[in-house]
Structure formats: structure tokens, C-alpha cells
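Student: Sequence first, then the predicted structure:
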Amino acid sequence: MKIASLALIALALVGCSSSETGGGGSTSPAPKTSVDLPKDMAAPDRERAESALGAAQAQQNAANDPARVRAMQEMKKQHGG
């Protein structure tokens, strides 16, 4: 959960720095892959954003792992939830 939060914060910061010059709010959806990042993004910002995107994807992959899902279901059964 912390990784996803950090990823969202990093993406928000990247969005803020790129929309400051535009004068208006961004209407485009949040990038889901590095291909979706702005082409004119500064190299350090791009690296941080790509790292955050990768971390968020890894967390999502772990959360959707069938073995983990089954284990969570079994824990809920055992604890009456």
C-alpha cells in the first residue's frame, strides 16, 4: 500500500511541475506506463516517474497473484471473516 501511495505522490508531483506552465488543470488521465509520460519531461523527473510506475505495477501484480488471493481467502475463513 505504501508503494502505491508513493507512486501516486510521485505522479502528482510530476503532473504539477508540467502543468504549472500551462496555467490550467490537466485533463489527461494519469500515465500507466512510461510510454504515457510526456515526451518533454526532464530526465530526472522521468526516471522518478518510471520508478514509481514500476513499483505500482509490481504491487498490483503481487495483489493479483492467485496464490496470494487464495491464501487471503483461507485466512478469512479461519478467522470467521
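Tutor: Nice, thanks for sending it over. Numbering: from 1, shown residues only.
Student: Please make it C-alpha for all contacts and neighbour counts, starting now.
Tutor: OK.
Student: Find the least confident helix or strand in the chain, judged by mean pLDDT.
Tutor: None of the helices or strands of the chain scores lower by mean pLDDT, DSSP states H and E than helix 2-19, at a mean of 59.
Student: how about the one helix or strand Ala71 maps to as CSV, C-alpha atoms only?
Tutor: Assigned by DSSP states H and E, Ala71 falls within helix 66-78. Taking Å, rounded to 0.1, in the frame of the first residue of the first chain, the C-alpha atoms of helix 66-78 are listed here in CSV:
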residue,chain,number,x,y,z
PRO,A,66,-3.7,-16.2,-7.5
ALA,A,67,-1.7,-17.9,-4.7
ARG,A,68,-1.9,-14.8,-2.5
VAL,A,69,-5.6,-14.4,-3.2
ARG,A,70,-6.3,-18.0,-2.2
ALA,A,71,-4.2,-17.5,1.0
MET,A,72,-6.2,-14.4,1.9
GLN,A,73,-9.5,-16.3,1.4
GLU,A,74,-8.3,-19.1,3.6
MET,A,75,-7.2,-16.7,6.3
LYS,A,76,-10.7,-15.0,6.2
LYS,A,77,-12.3,-18.5,6.6
GLN,A,78,-10.1,-19.4,9.5
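Student: Can you tell me how far Ala63 is from Ala71?
Tutor: According to Cα to Cα, to the nearest Å, Ala63 and Ala71 sit 11 Å apart.
Student: report the longest helix in the chain, please.
Tutor: Longest helix in the chain by number of residues, with DSSP state H as the criterion: helix 43-63.
Student: Return the set of buried residues in that helix.
Tutor: Across helix 43-63, burial judged by 16 or more other Cα atoms under 10 Å covers Arg46, Ala49, Glu50, Ala52, Leu53, Gly54, Ala55, Ala56, Gln57, Gln59.
Student: now that helix and helix 66-78, what's the angle there?
Tutor: 50 degrees (axes from the mean of the first three to the mean of the last three Cα atoms, to 10 degrees).
Student: Mind giving me the packing neighbours of helix 43-63?
Tutor: helix 2-19 (3 or more Cα pairs under 8 Å, 6 or more residues apart in numbering; DSSP states H and E).
Student: mind redoing it with 10 Å?
Tutor: helix 2-19, helix 66-78 (3 or more Cα pairs under 10 Å, 6 or more residues apart in numbering; DSSP states H and E).
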